[in-house]
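> Please find the sequence and the predicted model below.
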Amino acid sequence: MTAELVRGQNHPLTTSRLEIRVSAGGPVVVAAALGGPDGRVPGPEHVVHPGAPRVPGVTVAGTAEAGRVGVELDALPEAVHRISVLLALPPDGRGPARFGAAAAPFLALAGAAGEEIAGFTVTGLDAETALVALELYRRRGAWRVRAVGQGYADGLPALFRDLGLEAAAELAALVAAAAASPAADFVLAPPRPSHRGAGGGRHTAAGERPEEPPEDRAAHRALAPAAPRAAGGTRVDYRHPARHTPPPPPVPAPPPAAPAAGDGAPAGPVAGDASGWTPEERLYNQVWGMFEDLARSAAAYRSAVGFAESRLERELDAHLADPATRVGPAADAARAAARARRDGLVDRARAVLDRDLAQLTAEAEVVEHALPPAFARWDSPVWHGYQAPLETPLALRLGDLHLPERRGLRIPMLVRLPLERGLWVDCGRATGSGTGRADPAELRRLAMDCAVAHAARLLAVHPVGDYSVHVIDPAGSAGAALAPLLECGALSRPPAAGAQGVATVLTELTRRVDLVQMAVRSGAADALPPDIDTAEQLLIVNDFPHGFDDRAVNRLRYLADEGPSVGVHLMMVADREDARGFGPLLDPLWRSLLRVTPVPDDHLADPWVHHAWTYEPSLAPAGSDVVRRVLWQVGQARRAYGR
Amino acid sequence: MSVNLSKGQGVSLQKADGGSLSAVRMGLGWKSAPRRGLFRSRTKEIDLDASAVLYADGQPIDDVWFNHLVSNDGSVRHTGDNLVGGAGTGGDDETILVDLERVPVHIDQIVFTVNSFSGQTFAEVSNAFCRLIDDTTGQELARYTLDGGGPYTAQIMAKVHRVGAGWQMTALGLPSNGRTIQDLYPVIATVL
């Protein structure tokens, strides 16, 4: 069975003879370094590279077609505890100047009989020119493989230095020289289009224009999935869909030496450490597991502290109740003892909580970097490598959740797609103990920015043409916030204005809900009129209830109730106070929507112990144009599809 | 290898190598009522329920039973209600898992109980037993045979309490009456 590894994940090895086949979007030098128990490579003779392609147990070979590392685990010396598989770009300019300029390298781990054990696509690379792709390591007598993907912008010298080699620069020069010599044939040529691996189709384009500026490349990537339909099927994306989304940045992966300490000790947290059929589902389950663990750890702590306080109170009361013990040094001592008991219990509870929080923080750190775009923060590097997806993701990140015990520990708030209930971005006064922002105009602006960020994310994570967004902006007050959506062409038509516009949009969506419901009930989905857009629809309503008459309000309530099951979703940007004139008529509407806020606010409860969690919306960092850039790519892809 | 404890007997939950127990499991099993007539739905089903109560300094803090399957801190988990019993061949029909390392610091006793929700007394139930198991090794720490236990509908089975840094188990085996765990609080208070 083949395991698709994500960065940081490990996998047991059962056979001792292994072959690691490497394919990349251009020529690549393959090497391996043999480390000792402490993870350090003792000397240059322990590096297997094109100039020295063979040591006991490890061989490195390559032809123009495929590079490979052969490993015989049983033949390795006892002292070898770790084999790092290294990739580097040849410095002579035969290939791309950095890994980010070509298709992501793919490594397939196979057994002696050729059966595939695991695969790993090293995604998220940018300026790196050398990287540690995989590690085979000994753990309690058994060998395992770990997907590392640690890149080095400074190339092999920096990589070798990190492995503990003293003459790193000289060795790197030696490897480069050996790689450049015509006799050596280990530099990989780009794989053939039929070759399984890093996008058989895309390397062609990357090879033709190796010096593409990043913007062009980004646009090209966004277009790539469109190619099968748009360009007559010459560029087919062979990648496994599950490998399409993954991760992360070359940023703070642990230095190669660090995991060495883990051998024999409990392993550190690993992304995707949960059950599930796909890496995405594993990450989703892991995030929810962390959410529950944090809720329960905090419950244990709060319960202990609450008990300590009530016991202190009881004991102080008991001393006061008895006149004989009420005053005097004995009474003071008793009170001090009671307080000490309280402090002792609180300290112990805090110690347990700190232990749990430290573990969860470490896990959150690892998981955050492995999240695919739908789950990632806007400042995550995955958005820089964004390309239009081929599949709807499992869930969507609406923001972060945290508890007052540890504000820095943020749990991604993931909701399943398609959305089961509409969203309500509340621009009213924060009801919880969140920051009471005074300026209502500022809140409204922030709320609309939030709504656009959510809508942009929804558009970006759905396959091209599977999601369309409508906007009702009766007074035209949200023009500035909506600009990114309008510019990129992601909206099928301009925002509806005025009572007439409101009525038109609502009528049209109501008709769609009715027809799709009818078609679903009678099992006649192909009998829908051709003008019905079968994509999921998102309706953003700003300035509610401005421009809404009773009839429009009823239509809106109908959409909120019936829409989600047939793919029509609502996002209200509203202050409940504004609609007070409608009385209790609208209470069911507000209750049916998932309320989120534009500013941090503690109004969300977890399903296990009902703590109040502070929600913080997922927004692009100040000054970043990532939302605009992603939307632009979405618009490009849509145009390529003609949608 | 089952240890049949007599009432009030204490067992320290120390392992042979000196480490204390990290996880215990309470198992409850009984034989379902014989099928009556043509229609299974007319059978007078026997519904026994296993529950656990967490105490701090004599005060109930949290309980785990069929309506609240996980303690708020997550350390005690009930695997789910069984309404009819099993084959009566010694398998557990209801299980409560306790992760002693995760029990909050202020909890000093955990009491395990059995109730007959459908009202039959233990005299009417066959092959009923409850037991405590060291969840890391599967070794049985204590076992009670409930059937023939007289005209009672509840039993306070055992308590696990802190001693020093570890935990100790004391067998209680106290018969009582009650439909759910809530009915037993006054009786439990006498054995804390």
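Perfect, I can see it now. Computed from a predicted model, the values in this text were never measured in an experiment. Numbering: from 1, shown residues only, chains lettered A, B, ... in the order given.
> Assess the claim that residue B:183 and residue B:154 are in contact.
Yes. Counting by C-beta atoms under 8 Å, residue B:183 touches residue B:154, with 7.2 Å between them. For the C-beta atoms, the positions are set from N, CA and C on the backbone; glycine is no exception.
> So for those two, which sits in the more crowded spot?
When residue B:183 and residue B:154 are compared for neighbours, residue B:154 comes out ahead with 25 against 15, by other C-beta atoms under 10 Å in any protein chain shown.
> distance of the spatially most central residue of chain A from chain B?
With distances taken as C-alpha atoms, centre = their mean, the residue of chain A nearest its centroid is residue A:371 (1.9 Å). Noted for residue A:371: a distance of 24 Å to chain B, by C-beta to the nearest C-beta, to the nearest Å.
> Leaving out the residues flanking it, which one is nearest to that residue?
Nearest residue to residue A:371 in three dimensions, chain neighbours excluded: residue A:283, at 6.2 Å (C-beta to C-beta, 6 or more residues apart in numbering or on different chains).
> can you tell me which helix or strand the one you found belongs to?
In the assignment (DSSP states H and E), residue A:283 maps to helix A:279-321.
> What is the subsequent helix or strand relative to that helix?
By DSSP H and E, the next helix or strand past helix A:279-321 is helix A:329-370.
> Specify the angle between that following helix and helix A:279-321 in degrees.
Relative orientation of helix A:329-370 versus helix A:279-321 (axes from the mean of the first three to the mean of the last three C-alpha atoms, to 10 degrees): 170 degrees.
> Walk me through which strands the helix or strand just after helix A:329-370 pairs with, and which way each runs.
Scanning forward in sequence from helix A:329-370 by DSSP H and E, the next helix or strand is strand A:395-403. Strand pairing for strand A:395-403, determined by DSSP bridges: strand A:406-416 (antiparallel), strand A:612-617 (antiparallel).
> What's the mean pLDDT across strand A:395-403?
Taken as a whole, strand A:395-403 has an average pLDDT of 94.
> Stretch A:141-155 now?
Mean predicted lDDT for stretch A:141-155 stands at 85.
> Which positions in it come out as buried?
Across stretch A:141-155, burial judged by 16 or more other C-beta atoms under 10 Å in any protein chain shown covers A:143-153, A:155.
> Please identify which pair of the residues you listed lies farthest apart.
A:143 and A:153 (30.4 Å; C-beta to C-beta).
> got the residues of chain B near chain A?
B:56-57, B:59, B:61-62, B:70, B:72-75, B:102, B:104-106 (C-beta under 8 Å from any C-beta of the partner chain).
> Output those residues as JSON lines; include the columns secondary structure, pLDDT and distance to residue A:456.
As requested, those are exported to JSON lines (DSSP: H, G, I helix; E, B strand; the rest coil; pLDDT from 0 to 100; distance: C-beta to C-beta, whole Å):
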{"residue": "B:56", "secondary structure": "strand", "pLDDT": "92", "distance to residue A:456": "49"}
{"residue": "B:57", "secondary structure": "coil", "pLDDT": "88", "distance to residue A:456": "54"}
{"residue": "B:59", "secondary structure": "strand", "pLDDT": "89", "distance to residue A:456": "52"}
{"residue": "B:61", "secondary structure": "strand", "pLDDT": "92", "distance to residue A:456": "46"}
{"residue": "B:62", "secondary structure": "strand", "pLDDT": "92", "distance to residue A:456": "44"}
{"residue": "B:70", "secondary structure": "strand", "pLDDT": "93", "distance to residue A:456": "38"}
{"residue": "B:72", "secondary structure": "coil", "pLDDT": "92", "distance to residue A:456": "38"}
{"residue": "B:73", "secondary structure": "coil", "pLDDT": "91", "distance to residue A:456": "39"}
{"residue": "B:74", "secondary structure": "coil", "pLDDT": "91", "distance to residue A:456": "36"}
{"residue": "B:75", "secondary structure": "coil", "pLDDT": "93", "distance to residue A:456": "42"}
{"residue": "B:102", "secondary structure": "helix", "pLDDT": "89", "distance to residue A:456": "41"}
{"residue": "B:104", "secondary structure": "coil", "pLDDT": "93", "distance to residue A:456": "43"}
{"residue": "B:105", "secondary structure": "coil", "pLDDT": "92", "distance to residue A:456": "46"}
{"residue": "B:106", "secondary structure": "coil", "pLDDT": "93", "distance to residue A:456": "47"}
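> Go through those residues and give me the one with the most neighbours.
residue B:104 (29 neighbours).
> possible to save the buried residues of stretch A:141-155 as CSV with distance to residue A:104?
Shown next, in CSV, are those (distance: C-beta to C-beta, whole Å):
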residue, distance to residue A:104
A:143, 26
A:144, 23
A:145, 18
A:146, 18
A:147, 12
A:148, 14
A:149, 10
A:150, 15
A:151, 11
A:152, 16
A:153, 16
A:155, 18
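> Can you flag which of those belong to helices?
Judged by DSSP state H, helices contain none of the buried residues of stretch A:141-155.
> List the contacts of the closest residue to residue B:69 other than its chain neighbours.
Spatial nearest neighbour of residue B:69, excluding adjacent residues (C-beta to C-beta, 6+ apart): residue B:78 at 4.4 Å. With contact taken as C-beta atoms under 8 Å, 6 or more residues apart in numbering or on different chains, residue B:78 is in contact with B:50-52, B:64-66, B:69-70, B:94-97.
> ok, residue A:371 touching residue A:381?
No. Contact criterion C-beta under 8 Å: residue A:371 and residue A:381 do not qualify, at 10.7 Å.
> SS state for residue A:569?
The three-state label given to residue A:569 by DSSP: H, G, I helix; E, B strand; the rest coil is strand.
> That one: neighbouring residues, count only.
Residue A:569: 23 surrounding residues under other C-beta under 10 Å.
> Surely it is in contact with residue A:420?
No. Here residue A:569 lies out of contact with residue A:420, judged by C-beta under 8 Å, at a distance of 9.4 Å.
> Tell me who's in contact with residue B:81.
So residue B:81 contacts B:49, B:66, B:94 (C-beta under 8 Å, 6+ apart).
> coming back round to it: check the contact lists of residue B:183 and residue B:154 and give me the overlap.
Joint contacts of residue B:183 and residue B:154 (C-beta under 8 Å, 6+ apart) are B:115, B:177.
> So which of the strands paired with strand A:395-403 is the most surrounded?
strand A:612-617 (a mean of 21; mean count of other C-beta atoms under 10 Å in any protein chain shown).
> mean confidence for that one?
92.
> Determine the number of other residues adjacent to the residue nearest to residue A:371.
Around residue A:283 there are 28 residues (other C-beta under 10 Å).
> quick one: it from chain B, how far?
Distance from residue A:283 to chain B, by C-beta to the nearest C-beta: 21 Å.
> Kindly provide the distance from that residue to residue A:75.
Distance, residue A:283 to residue A:75, by C-beta to C-beta, to the nearest Å: 37 Å.
> circling back to that earlier point, just the contacts of residue B:78 now: which is nearest chain A?
Using C-beta to the nearest C-beta, residue B:70 comes nearest to chain A of the contacts of residue B:78, at 7.1 Å.
> Now the closest one: closest residue in space, sequence neighbours ignored.
Excluding its sequence neighbours, the residue lying closest to residue B:70 (C-beta to C-beta, 6+ apart) is residue B:77, at 5.1 Å.
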